[in-house]
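> Quick one, fold the following:
(2 chains)
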Amino acid sequence: MSAALLAPASEEEVARAVAAAVAAGEPLAIEGNGSKRALLRPVQAARTLSTRNLTGITLYSPEELVLSARAGTPLPEIEAALAEKGQHLIAEPPDTRALFDTDAPATLGGVVAANLSGPRRIAWGAMRDHVLGVRFVNGAGEVIRSGGRVLKNVTGLDLGKLLAGSYGTLGVLTEITLKVLPAPESTGSLALRVPDLAAGVRALSAGLGSPFGPTGAALLPQGAPALGLEGVTALLRIEDFAESVAYRLGRLRDLLAPALGTPTLLDAGTSRTLWRMVREASLLGATAAEAIWRISVPPTAGLVVAAALREEFGARLLLDWGGGLVWVAGPATEAAHAAVVAAARAGGGTWTLFRAPEPLRAAVDVLPPEPPPLAAIAARVKAALDPKGVLNPGRMRAGF
Amino acid sequence: MIALPPPKPEVLARRDEIVAALRAIVPGEGVIAEPLRLRPYETDGLTAYKQPPLAVVLPTSTEQVAAVMRYCHENGIRVIPRGAGTSLSGGALPLADAVVIGLMRMNRILEVDYDNRLAVVEAGVTNLGITAAVASEGFFYAPDPSSQLACMIGGNVMMNSGGAHCLKYGVTANNLLGVKFVTAEGEVVEIGGRHLDAAGYDWLGLITGSEGQLGIVTEVTVRILRSAEGARAMLAAFRSVEVAGAAVAAIIGSGIIPVALEFMDRPCIHACEAFAHAGYPLDAEAMLIIEVEGSEAEQDMLLGRIKEICGRFDPISLKVAQTAEESAAIWKGRKGAFGAVGRISPDYLCMDGTIPTSELPRVLGRIGEMSREYGLQVANVFHAGDGNLHPLILFDANDPESTRKAEAFGADILKLCVEVGGCLTGEHGVGVEKRDLMPVQFAPHELAQQRRIKSAFDPDWLLNPSKVFPLEGDAGAVPGQPLARAA
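The predicted structure follows:
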């Protein structure tokens, strides 16, 4: 792979590399550190263009709540810089190293290009919600800016949102500006043992529909035995000033107790450990040979999806976002995949084949197909940004 | 004045036939073609521009919108989508040969789902109407533009509207789950849904704030949130803009995220006080309204900390509301700011740039100098938490010279916003108003990129023409031909 790896150290060189690929008619695989290479479809390209050498924080103004960094900057470096000023990444993107069995840390560009968000998404929005501005190289080798470094901006089309979640198929992100926020002073959680998933989602809905503002609402069908939580467990998290955390957890406990039983209070340390396990989906307990899907549905449909997939292939599950994000682990077979697709559709939501051995990823749709009018628009938008189709062909959809 | 593309003579010539065809799609009172009844649609919140359309159609269903779009597409007719017509940037300004599709009759709340914390509403439901429908259960819809009593959710989606509480709750884009979208060709597509984070390209994110350039939204699924236990405001007044700015930075730096953090300069304080008698300190150069949320005890804790921080900046006055009534009194002046300015001047232009918050002193200093140069007064309201600046330029619309100066002054302010690292518009949209300033913020090849994406949705450039993109380079503009002028 290294012989065919282009890893320019400047935006101009990225632009030149793309222009050269266009001239040669040779498509490029686009990546940062390649930590999510096993996500979605494998790209058929002789050469890989990596942003891993475009590194460094270019602007950090804590009092203005903005941070800009080059796309290849490792996420841990950004998280460390923020922590030094008592701030954090709002969407809490998951560290997917364990899931994808790699040592390479995710880059900022990779996390934005995949629009990956963690548990806090339910309260504070997705990764893409905090993208204030982007610089990217389009498929014609031009450097394009969209958005900026201010928190409120509706000037022109929001290409930052279009690029977020486009997995490098519309442009090569070179620099990203994010909104960041003060990290909460403290945190704590409630863990409630429930008889079944339905009771669990009821508990999460009660918490999320309360005035107390939980920033995490997950359901652990297998509990978290390593932390002493056995059986189906509903989790609610509060993050705030210490006084508020204590107050709000108490009010939530009083809210849940009469109908659903008294929850256990988890201190800040246990809470942090546990939510990391939720965020990284390690509680799913997927084996290396298994496939992992992420299904996004309305929260009350999450438990229906979960029940169906348990019955279909004994799926192991982890529910986040109030029950609306269903992580599924199961056999890497087309039959299991078909069951996931059917369940997500029945639940009125969407699905992603998040991880699977290459043969399955190459054989099936890894994302839901779009309705024909939208597919036609998508093809034209792709052509508008990448007219020669040199950027990450086949990464999201076959022949695209 | 802003140039508009010349009407297509072949469309004007077919007026009667087009009106008849629209009446076949939307029967009864749903098609307006009489000149007198077209008058209410000739302008929007940017009243300096007026242009009656060819016809107005007021559909009552997505199917009717789709049929109208299909007909217009097949016949090369330009389309102007319209909600309540509150756009301050001329986003709903018609063209002489265009059909206005008004969504105000699509005003039903279709579903409220508290378990999944969402509401499905038609595009013509007002912003405040959503909150009103869920308030009895203690819920609300977060974005709160100042026009929220009148403005409609379809327009909010198209302009990505903000409000005073964005620092905590985000703008429209952050509070949507899905839309029913009608393409330029008249196809109906569901985008997003009732779940978070649709897989694949983020069409919802691209459509939000696209100012009617990509298609029409007829139904919207919004997130609804449970209201906090309570909210309370405080007022802090300072001797200079610089000091007030430093206080804002210190509040943010302390880890507190107020739900609102509003800044007013001296002229604005005076105008609001004369109007609302809110007890604002008239000797202050700058004033902050800071609001926090939570239980009574949490409010006390947060307001106590903020008061302590503000106390370090030699404040002229610090007033912490003790009750909801006192809180409302503090807000009264700010909420009436536009009306208050309207009382001291026959007309005003409300600008809408965003700047890095640290640039506030420099920007207000420069605006003050410009005010003297142009001989026009200006009052500044600023969403200090997010950098969104609303200078209100006072002028007299009956005096062409005053109008010309006000527009030039406004353009200079927006150029300054871009120069200091900000942008042309924070929440009002580009519309026609800022269209010709787009090259200040974007390079030609960047505008060309945006145009190509627009073309992917609207190949014939029939949707809301003459907005957002400078006319040169539009598919609809004929090179070398003189452009018509708005009346």
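
> For the residue nearest the centre of chain A, list the residues it contacts.
Among the residues of chain A, the smallest C-alpha distance to the mean C-alpha position (Cα atoms, centre = their mean) belongs to A:Leu116, namely 1.6 Å. Contact criterion Cβ atoms under 8 Å, 6 or more residues apart in numbering or on different chains gives A:93-94, A:96, A:127 as the residues in contact with A:Leu116. Backbone N, C-alpha and C define where each C-beta goes, glycine included.

> What residue in chain B comes nearest to chain A?
Residue nearest to chain A within chain B (Cβ to the nearest Cβ): B:Gly205, separated by 2.8 Å.

> what about that residue, neighbour count?
For B:Gly205, the count of nearby residues is 29 (other Cβ atoms under 10 Å in any protein chain shown).

> got the contact list for the closest residue to A:Ala329 other than its chain neighbours?
Spatial nearest neighbour of A:Ala329, excluding adjacent residues (Cβ to Cβ, 6 or more residues apart in numbering or on different chains): A:Ala286 at 3.7 Å. With contact set as Cβ under 8 Å, 6+ apart, A:Ala286 has these partners: A:99, A:292, A:316, A:329, A:355.

> tell me the mean pLDDT over stretch B:181-194?
Within the predicted structure, the mean pLDDT of stretch B:181-194 is 97.

> sorry, back to before: what helix or strand is the residue of chain B closest to chain A on?
Assigned by DSSP states H and E, B:Gly205 falls within helix B:203-207.

> related to what we said a few turns ago, am I right that the residue of chain B closest to chain A is in contact with A:Leu162?
Yes: between B:Gly205 and A:Leu162 there is a contact under Cβ atoms under 8 Å: 6.6 Å.

> Can you pull the domain assignment for the chain?
Going with chain A. Using automatic domain parsing, the domains assigned to chain A come out as A:1-183+A:370-400, A:186-279, A:282-363.

> My question was about chain B, not that one.
Each structural domain of chain B that the record assigns through automatic domain parsing is listed here as a residue range: B:1-227+B:442-487, B:231-337, B:345-433.

> Just put the ones you listed in CSV and tack on distance to A:Ala104.
As requested, the domains of chain B are exported to CSV (distance: least, Cβ to Cβ, whole Å):
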stretch, distance to A:Ala104
domain B:1-227+B:442-487, 24
domain B:231-337, 32
domain B:345-433, 33
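
> What residues does the stretch 251-400 of chain B have near chain A?
Taking Cβ under 8 Å from any Cβ of the partner chain as the criterion, the neighbours of chain A within the stretch 251-400 of chain B are B:252-257, B:294-295, B:297-298, B:301-302, B:354-358, B:383, B:385-388.

> Pull out the buried members of those.
B:252, B:255-257, B:294-295, B:298, B:301-302, B:354-358, B:383, B:385-388 (16 or more other Cβ atoms under 10 Å in any protein chain shown).

> Grab the nearest non-local neighbour of the residue of chain B closest to chain A.
The shortest distance from B:Gly205 to any residue other than its chain neighbours is 2.8 Å, reached at A:Lys161 (Cβ to Cβ, 6+ apart).

> mind checking pLDDT for the one you found?
We note a pLDDT of 97 for A:Lys161 in this prediction.

> Report the contact partners of it.
Shown in contact with A:Lys161 (Cβ under 8 Å, 6+ apart): A:128, A:131, B:173, B:202, B:205-206, B:208.

> Where does it sit: helix, strand or coil?
Remark: A:Lys161 carries the secondary structure label helix [criterion: DSSP: H, G, I helix; E, B strand; the rest coil].

> related to what we said a few turns ago, return the distance of the residue nearest to A:Ala329 relative to A:Val328.
Remark: distance between A:Ala286 and A:Val328 (Cβ to Cβ, to the nearest Å) = 9 Å.

> overlap in contacts of the two?
Overlap of the contact sets of A:Ala286 and A:Val328 (by Cβ under 8 Å, 6+ apart) consists of A:292, A:316.

> tell me what the strand or helix carrying B:Ile289 is packed against?
Element membership for B:Ile289 (DSSP H and E) is strand B:286-293. Judged by 3 or more Cβ pairs under 8 Å, 6 or more residues apart in numbering or on different chains; DSSP states H and E, strand B:286-293 is in contact with strand B:231-238, helix B:241-253, strand B:260-265, helix B:296-311, helix B:324-335.

> any chance of these in CSV, with mean pLDDT too?
Putting these into CSV (pLDDT from 0 to 100) gives the following:
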stretch, mean pLDDT
strand B:231-238, 97
helix B:241-253, 93
strand B:260-265, 94
helix B:296-311, 97
helix B:324-335, 90
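
> longest single helix anywhere in the chain?
Going with chain A. Longest helix in chain A by number of residues (criterion: DSSP state H): helix A:242-260.

> meant chain B actually
Max-length helix for chain B by DSSP H is helix B:400-419.

> For it, which outside residues touch it?
Counting by Cβ under 8 Å, 6+ apart, residues outside helix B:400-419 touching it are B:48, B:347, B:349, B:351, B:353-355, B:363, B:366-367, B:370-371, B:374-376, B:378, B:389, B:391, B:393, B:395-397, B:423-425, B:434, B:437, B:440-441.

> So among the residues you listed, which ones count as buried?
The neighbour-count test (16+ other Cβ under 10 Å) marks B:48, B:347, B:349, B:351, B:353-355, B:363, B:366-367, B:370-371, B:374, B:376, B:378, B:389, B:391, B:393, B:395, B:423-425, B:434, B:437, B:440-441 as buried among the contacts of helix B:400-419.

> ok, now how distant is B:Glu433 from B:Val157?
Looking at B:Glu433 against B:Val157, where the rule is Cβ to Cβ, the gap reads 20 Å.

> More neighbours: which of those two?
For B:Glu433 versus B:Val157, the count of surrounding residues by other Cβ under 10 Å is larger for B:Glu433: 30 against 24.

> from memory that one sits against B:Thr47, does it?
No: under the criterion of Cβ under 8 Å, B:Glu433 makes no contact with B:Thr47, lying 11.5 Å away.
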